[in-house]
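Engineer: generate coordinates for the sequence data below:
(one chain, ligands or ions: 1)
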Amino acid sequence: MQLPKKHLPVVGILGLIVVAASAGGVYYYQFVISHTSVTYLPSHRLVFMTAIIEEQGGFHITNTAFLNQTNLPGFDSSKGYNLTGVNYHNYTGESDGKTIDAHVGDTITFYIYGLNATSPCNTTPANQCWLSTAHGFTISGPGTPDVTNGILPGTIPFGKWYTVTVTFNTGGSYSYFCTINCSPKHTQMAGQIAVT
Ligand SMILES: [Cu+2]
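Structural biologist: Residues are numbered from 1 along each chain as shown. Coordinates of the predicted model:
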C-alpha cells in the first residue's frame with residue numbers, strides 16, 4: 001500500500017515511539033525485573049578438571065556440561081568418567097580456567113584428574129622438599145555444600161581420577177583448594193565457585 005506523502009512524518013514519529021517503547025521495555029526487563037524476580041531451575045553441572053602443582057598451573061577446568069538425567073555417569077578412578085549413552089550438553093563457563101559459575105540449588109559433579117609433577121625443593125629453608133603423590137580437594141564458603149556422592153575433603157592421587165558431587169543451597173563466593181602440602185606454592189592452588 002502506498003501512503004500519501006503528507007502522512008509520512010506521522011508514521012516516522014509513530015515508528016520512533018514504537019522503537020523507544022520496545023527499547024525501554026528491554027531495559028526494564030533486563031535491568032529492573034531480572035535482578036529481582038528471575039529464579040532458576042536447579043541444574044546439575046559436570047565440571048571436568050585437571051590438578052597439577054601450582055608452579056605448573058594448579059587446578060584447570062577443561063570442560064563444563066549440564067547433566068540432563070538423574071543418574072550420574074559411570075566412574076572409575078583409573079579410567080575416569082564414562083559419558084557413553086549419557087544425556088548431557090556442554091556449556092561454556094568462565095574463561096579464566098579456574099572459576100565455576102552456579103546458581104543456588106545447583107548440583108555440581110567434579111571430575112578431577114591428578115597430573116604427575118615433580119615438585120621443586122626450596123633452598124630457603126634448605127632442603128625443604130615436597131614429596132606428595134597426590135593433591136587434595138575441598139570447598140569452603142558461606143554455606144556447607146551437601147555432598148551427595150563421594151567424599152569431601154577428598155584425595156586426587158597422581159595418575160588417578162577423583163569425583164565428588166555437591167549441592168549448593170546457599171549463595172555466595174566459595175573457594176575450592178588443595179588440602180595436601182604438594183609444592184612451595186601449594187597455598188595458592190585454588191579456584192572460585194560463584195553461586196548466585
Ligand atoms: Cu596440591
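Engineer: so Ile193 versus His60, what's the distance?
Structural biologist: For Ile193, the distance to His60 equals 15 Å [CB to CB, to the nearest Å]. Quick note: C-beta positions are derived from backbone N, CA and C, even for glycine.
Engineer: for these two, indicate the residue with more neighbours.
Structural biologist: Counted by other CB atoms under 10 Å, Ile193 and His60 do not tie: Ile193 has more neighbours, with 24 against 18.
Engineer: find me the pLDDT at that one, would you?
Structural biologist: Ile193 carries a pLDDT score of 97 in this model.
Engineer: residue boundaries of the strands in this protein?
Structural biologist: With DSSP state E, the ranges of strands along the chain come out as 44-51, 59-67, 74-76, 80-82, 88-90, 100-102, 107-114, 134-140, 146-149, 154-157, 161-167, 172-177, 190-195.
Engineer: could you give the average pLDDT over the third one?
Structural biologist: This means strand 74-76. The average pLDDT within strand 74-76 is 97.
Engineer: per-domain residue ranges of the protein.
Structural biologist: Domain assignment for the chain by automatic domain parsing gives 9-37, 44-195.
Engineer: so does the longest one get close to the ion?
Structural biologist: Yes - for a cut-off given as CB under 5 Å from the ion, domain 44-195 has contacts with the ion, namely 135, 178, 182, 189.
Engineer: most neighbours of all the residues you listed, which one?
Structural biologist: Greatest neighbour count in the residues of domain 44-195 next to the ion, by other CB under 10 Å, goes to His135: 30 neighbours.
Engineer: one step back: distance to Gln128 added to the strands of the chain, as TSV?
Structural biologist: Shown next, in TSV, are these (distance: least, CB to CB, whole Å):
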stretch	distance to Gln128
strand 44-51	22
strand 59-67	23
strand 74-76	36
strand 80-82	33
strand 88-90	42
strand 100-102	32
strand 107-114	22
strand 134-140	19
strand 146-149	34
strand 154-157	22
strand 161-167	27
strand 172-177	21
strand 190-195	21
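Engineer: which among the ones you listed is found nearest to Cys121?
Structural biologist: Nearest to Cys121, of all the strands of the chain, is strand 134-140, at 18.3 Å by CB to CB.
Engineer: for the closest one, name the packing helices and strands.
Structural biologist: Strand 134-140 is packed against strand 107-114, strand 154-157, strand 161-167, strand 172-177, with contacts defined by 3 or more CB pairs under 8 Å, 6 or more residues apart in numbering; DSSP states H and E.
Engineer: quick one: Ser175 and Met189 touch, right?
Structural biologist: No - contact criterion CB atoms under 8 Å: Ser175 and Met189 do not qualify, at 10.8 Å.
Engineer: list phi and psi for the closest residue to Gln192 other than its chain neighbours.
Structural biologist: Here the nearest residue to Gln192 in space, its sequence neighbours aside, is Thr99; by CB to CB, 6 or more residues apart in numbering that works out to 4.7 Å. Backbone torsions of Thr99, given as degrees, to the nearest 10, read phi -90, psi 130.
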